[in-house]
Each structure stands twice: as structure tokens, then as C-alpha cells.
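Q: dropping a prediction and its sequence here:
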Amino acid sequence: MEIHSDFKHRWEEALKHIRETIGDQDTYRRWIKSIVPLSCEKNNVLLGVADEFTAEWIKTNFEEIIVSSLKIVTEKICRIKYEAGHLPVCDELAAGAGIKSQDLAHKADAVCDRSNGCYNFTSFVVGPENRIAYAAAMGMVDTKSSALSANPLFIYGGSGLGKTHLIQAVANEVKNKKNGMKTEYLSCEDLLNQYVDAIRTNRHYSFRNRFRKVNYLMIDDIHFLSKTTQLQEEFFNTFNSLYNENNKIILTSDKRPSEIHGLESRLVSRFSSGLTVEIEPFGEETRLAILRKKQEKQQIKFNDDILAFIAKNIYSDVRVLEGALFRLVVYSSIDNCKMTVDLANRILNDYLEQQSAKRVNIEAVQKAVAEFYDLRVSDLTGRNRSSNIAVPRMVSMYLSRKFTEHSLPKIGEAFSKNHATVLHAFRKIEKDRLKSEKVNREISQIERKLQAV
Ligand code: ADP
Ligand code: MG
């Protein structure tokens, strides 16, 4: 590792170049000057910044400049990592912009509901895509009065669709009732770490007791369980013991149980034995409703046309929506300008570009595949099993899974097949691509066409 003072010195040198390149002194003071140079090991540079948001901001806006300036002084192309929590940040920055760094952090929290306490049912927006998951989660809180009280409840869906929010809402709600119910909420990764610790320190027994004596066990991202057979064994026994005593188990995952690679079949069947519900990707209306909800707590509020613009053009998960909204908040709080759709369009330019790559639907896939193999779309959706049609049909399912945000059952519907067939097709084509250069080339060609849409 380069001696710290050495790196500090080089960083000072690099700063001069960065300052020159950026030009705008205000921007330089606001974002760059407060960076703390932490270490430089080979090509890896670690920079300290105030918080995750600042890291993200610097990465997006200034990383190229930083790398090229460091190259001038170190003659190396450095890889940059950021570490949040280095505060003597932006008092100066804040003075310049008329805001305090804490205010910014506070605003970030307000937009993003980052503190877990905010993960409650009130701040959760319900739409057709998560209605059943929501009802099922509510049903777990008051198990006596609800018809929807299942055991276990298994919630699955893509990233950023509110699974953690929902499971923590249950955890918070049960705790708030203070009716003596014992709860344990943790992520599967935490569970795994604690298990490893318990084994290492010979506290296996107390680990076991801790989880088998609760009324509610809630594990987020349970798919990580597939990483270890030992914990699967332990969890299997915990599950059974809780289940037999009619204690409640809630699990979330990015896939349905049967799709979790490496999960023992006895766990798959246990996990599927209660209620399994999906959260589907959000449509425009729900996205707009979520943006409106996020705005409620913000100091800076935008007109509905701005929110509608985001909801219409950014059709990703909620994290991305929040990121976009937050960027607009920061822009307008720093520049004190009035937000317009035009300005939002410019500020969110990179988000919008990313999105256009995703604007592919199942029909577009079917059309592109049919064209490529010289077939009709009705061949792909029909029942003919001859191989010159069956393979393109599988390719269409594969590409639909890869390029659209539809669930397996939804894709199945478009081909009059069930979700298992779609999954089978996906895995088969994935393997075929690895095995055959010809297949790989053909599919890449279709992919390029799709992305050019
Ligand atoms: P997941 O666990 O599915 O990856 P999270 O629960 O972490 O997603 O959600 C990501 C962010 O989106 C969080 O800030 C969360 O509050 C927000 N979010 C997701 N769904 C909703 C919703 N229906 N209503 C309000 N906020 C939501
Ligand atoms: Mg999560």
C-alpha cells in the first residue's frame, strides 16, 4: 500500500487538475474538495465521502475527471471505490448552496424511506401488482381476524418492488402491537453470518433456541439459503418446529421457491405449502402513485406533470424511480430553480437512455423472432411441435424473459403455455448458447435488432 501521506500528496496534486477541468468553483467546492483520500493500493483508490448519495453523485458526475486527473499524477489508471461516513464534508459546500449537509441527508431519507422505521403499511402504496401480497402481509399481523392468514407466507418478485418494505412493515406492526408476541426479523445473509458465528463459538444451542422460540420468524431474501447446505438443514428443522406450534413464518425472495437453484426439494415444498404471492413489476399508474407518496414527505414538491413525466418514462423498479426523483430534488434545492418537464428531461437524460433499451414487449420479441426464422407469429404461439418451430418458440420465450419485465406465467400466457415451460425454454436456450457458437450468433443478432427498436 502506498504510504498514506504519499497518497495524500498525490491527491492534492490531482485536485489541481480536477479543479481546472471542472471549471466551476462552486461545483468543485461542493462535491470534490470535501473528498477524503483514504488509501491507494496498486490501482485501487479508496475515497471517503459523506454518504451513499454523495458517492453515487460523484461516481456519476465526476468519476471520469477524477480518474483522468489521477492518471496524470500517478501514471496509472485507477479504480475508484467510495466509503461513506466521512463527514467533515460539506459545511463549506452547504454555506455556498444555502443548505446544510444534514439537510441533504435528511432530504435523502425523506425521499427514500431509508430508515427502517418508515417501512410501514401507511407508506406502502397498493396497486394491482402488489394488492395480494399486501393483503396477505396485513393478514399475517392479525391472524385471528383475517381470512388471508397463511403459513408460511412467501412473497417473491423482482428487485426494488417492495418486498423488504412489506416484510418489515409486518415486523414493525407486530412489534407496535405490544401484545407479547416474540418476533425475529432478519435478512438471510444476517442469519447466515450469525449461524457461522454460533458454530465457531460453540453457541449452536442458543442460536437454535433463539429462532425456535418465536411467534413470528421473518427472513428477507431467503434465496441466499441455497448457498449453504448446513444452514438449510438447520432451517428445515427450525421451520418444522415453528410450523408445528402454529407460529408464523414469512419469507421473501427474488424467485418462487421452485426456481431457487440449489434449494433442497424438502424446503421447496415447505416454502410452497402456505401462500405464495408475487409482486409484479409496476405499471405507470402505480408508479405515479408511488412518486406522489414519496413526495408527501419532501420539502420540495413538484407539480404533477413532473411526476407524471417520471412515471411515464422510467418504468423500472421503485429504487430507480426514487433515484430519479431525488436527483430532481437535489438539483432544485441547489440551484433554486423551478422544475419544468423540459429541465427534468435534461437532468434525467442518462436514466431515460437506459430505459429505452428496455422498451421491449412480448409482441416485439415474437415479431423479431418470427421475422428472423421466416415464420409467422401464429406459428410461435400455436401448437405445432416440429423442431423448426419449437426452437424459435423457445428462443422467443427466452428473449421475452430476458428483455421484458413480465413474470413467467405472463409470458407463458402469450404462448399458451405454463410458467414451467417458459422456465424450461429459458434454461435450455441459455445452455444452447454456451454449447453452440452458431446458436449464440443467431440469438445475438435477434437481440441487437430488439435493442435497436
Ligand atoms: P425489494 O426488497 O423488493 O428489493 P425494497 O422493499 O427494498 O425492494 O424497496 C425499494 C424501495 O422502494 C424502498 O425505498 C421502498 O420503500 C420503495 N417501495 C417499493 N414498493 C413500494 C410501494 N408499493 N410503496 C411505497 N414504496 C415502495
Ligand atoms: Mg429487499
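A: Perfect, I can see it now. Ligands and ions are numbered 1, 2, ... in the order given.

Q: how many neighbours does the residue in the stretch 1-150 of the chain that ligand 1 sits nearest to have?
A: Nearest residue of the stretch 1-150 of the chain to ligand 1, counting by CB to the nearest ligand atom: Val125, 3.6 Å away. Quick note: C-beta positions are derived from backbone N, CA and C, even for glycine. For Val125, the count of nearby residues is 19 (other CB atoms under 10 Å).

Q: give the contact list for it.
A: Thr286, Ala289, Ile290, Lys293 (CB atoms under 8 Å, 6 or more residues apart in numbering).

Q: now swap in Lys338 and tell me
A: With contacts defined as CB under 8 Å, 6+ apart, Lys338 is in contact with Ser332.

Q: pLDDT wise, what is it at?
A: We have a pLDDT of 85 for Lys338.

Q: ok, now the one 3 residues further on?
A: As summarised for this prediction, Val341 has a pLDDT of 94.

Q: with Glu184 instead?
A: pLDDT, Glu184: 95.

Q: how about Lys312?
A: 88.

Q: do the same with Asp432
A: For Asp432, the model assigns a pLDDT of 92.

Q: if we can go back for a sec, what's the most distant pair in the contacts of Val125?
A: Greatest spatial distance among these (CB to CB): Thr286 and Lys293, at 10.3 Å.

Q: so these two - more neighbours on which side?
A: Legend: neighbour count by other CB under 10 Å for Thr286 and Lys293, higher for Thr286 (20 against 14).

Q: how about that one: what's its closest non-neighbour residue?
A: Ranked by CB to CB, 6 or more residues apart in numbering and with sequence neighbours excluded, the top spatial neighbour of Thr286 is Gly127, at 3.2 Å.

Q: same check on Asn172?
A: Asn120 (5.4 Å).

Q: so who does that neighbour touch?
A: Ala169, Asn172, Glu173.

Q: doesn't the residue of the stretch 1-150 of the chain closest to ligand 1 fall inside a strand?
A: No: if the criterion is DSSP: H, G, I helix; E, B strand; the rest coil, then Val125 is coil and not within a strand.

Q: ok, the contacts of Asn120 vs ligand 1, which is closest?
A: Of all the contacts of Asn120, Ala169 has the smallest distance to ligand 1: 9.3 Å, by CB to the nearest ligand atom.

Q: so how far is Leu348 from the residue of the stretch 1-150 of the chain closest to ligand 1?
A: From Val125 across to Leu348, the span is 21 Å (CB to CB, to the nearest Å).

Q: likewise Glu233?
A: In terms of CB to CB, Glu233 sits 48 Å off from Leu348.

Q: who's more crowded, the two?
A: Using other CB under 10 Å, the more surrounded residue of Glu233 and Leu348 is Leu348, with 22 against 13.

Q: can you map out the strands along this structure?
A: In the chain, the strands defined using DSSP state E lie at 36-41, 44-48, 79-83, 153-157, 183-187, 216-220, 248-253, 275-279.

Q: and the residue of the chain positioned farthest from its centre, backbone torsions?
A: What lies farthest from the middle of the chain is Ser386; by CA atoms, centre = their mean that is 40.0 Å. Ser386 has phi and psi values of phi -60, psi 150 when expressed as degrees, to the nearest 10.

Q: distance-wise, check it relative to Glu353.
A: Relative to Glu353, Ser386 is positioned 41 Å away (CB to CB).

Q: please apply the same query to Ser253.
A: To Glu353, Ser253 is 31 Å away according to CB to CB.

Q: interface residues of the stretch 151-300 of the chain facing ligand 2?
A: Lys163, Thr164 (CB under 5 Å from the ion).

Q: which one of the residues in the stretch 151-300 of the chain is closest to ligand 1?
A: For the stretch 151-300 of the chain, CB to the nearest ligand atom, closest residue to ligand 1: Gly162, 2.5 Å.

Q: how deep is that residue tucked in, by neighbour count?
A: For Gly162, using other CB under 10 Å, the count is 25.

Q: begin at 47, not 1, for the rest of this chat.
A: That works, and once the first residue is 47, the last one we named lands at Gly208.

Q: please name the nearest non-neighbouring residue to the residue of the stretch 347-496 of the chain found nearest ligand 1.
A: In the stretch 347-496 of the chain, no residue comes nearer to ligand 1 than Val364, which is 3.2 Å away by CB to the nearest ligand atom. Leaving aside its sequence neighbours, Val364 sits nearest to Gly206 (CB to CB, 6+ apart; 5.1 Å).

Q: verify the stated contact: that neighbour with Gly369.
A: No: counting by CB atoms under 8 Å, Gly206 does not reach Gly369; the two are 9.9 Å apart.

Q: what's the distance between Lys79 and Lys62?
A: For Lys79, the distance to Lys62 - CB to CB - is 12 Å.

Q: who has more neighbours, those two?
A: Counted by other CB under 10 Å, Lys79 and Lys62 do not tie: Lys79 has more neighbours, with 15 against 12.

Q: ranking helices and strands of this protein by mean pLDDT, which lands last?
A: Within the chain, no helix or strand scores below helix 137-143, which has a mean of 35 by mean pLDDT, DSSP states H and E.

Q: can you name the residue of this protein nearest ligand 2?
A: Of all residues in the chain, the one sitting closest to ligand 2 is Thr210 (3.3 Å; CB to the ion).

Q: residues near that residue, how many?
A: Residues within reach of Thr210, counting by other CB under 10 Å, total 17.

Q: surely it and Ile296 touch.
A: No: contact criterion CB under 8 Å: Thr210 and Ile296 do not qualify, at 11.7 Å.

Q: thinking again about what came up before, so who does the residue of the stretch 347-496 of the chain closest to ligand 1 touch?
A: Neighbour list for Val364: Gly206, Leu207, Gly208, Phe328, Ile336 [criterion: CB under 8 Å, 6+ apart].

Q: how much space between the nearest residue to the last one once chain neighbours are set aside and Asn222?
A: Right, Ile336. Among residues not flanking Ile336 along the chain, Val171 sits closest, at 4.7 Å (CB to CB, 6+ apart). Distance, Val171 to Asn222, by CB to CB: 20 Å.

Q: then Ile126?
A: When distance is defined by CB to CB, Ile126 is 42 Å away from Asn222.

Q: which one of the two has more residues nearby?
A: Neighbours were tallied for Ile126 and for Asn222 using other CB under 10 Å; the higher tally belongs to Ile126 (17 against 10).

Q: how close does the more buried one sit to Ala60?
A: 11 Å.

Q: mutual contacts of these two, please.
A: Common contact partners of Ile126 and Ala60 (CB under 8 Å, 6+ apart): Ile112.
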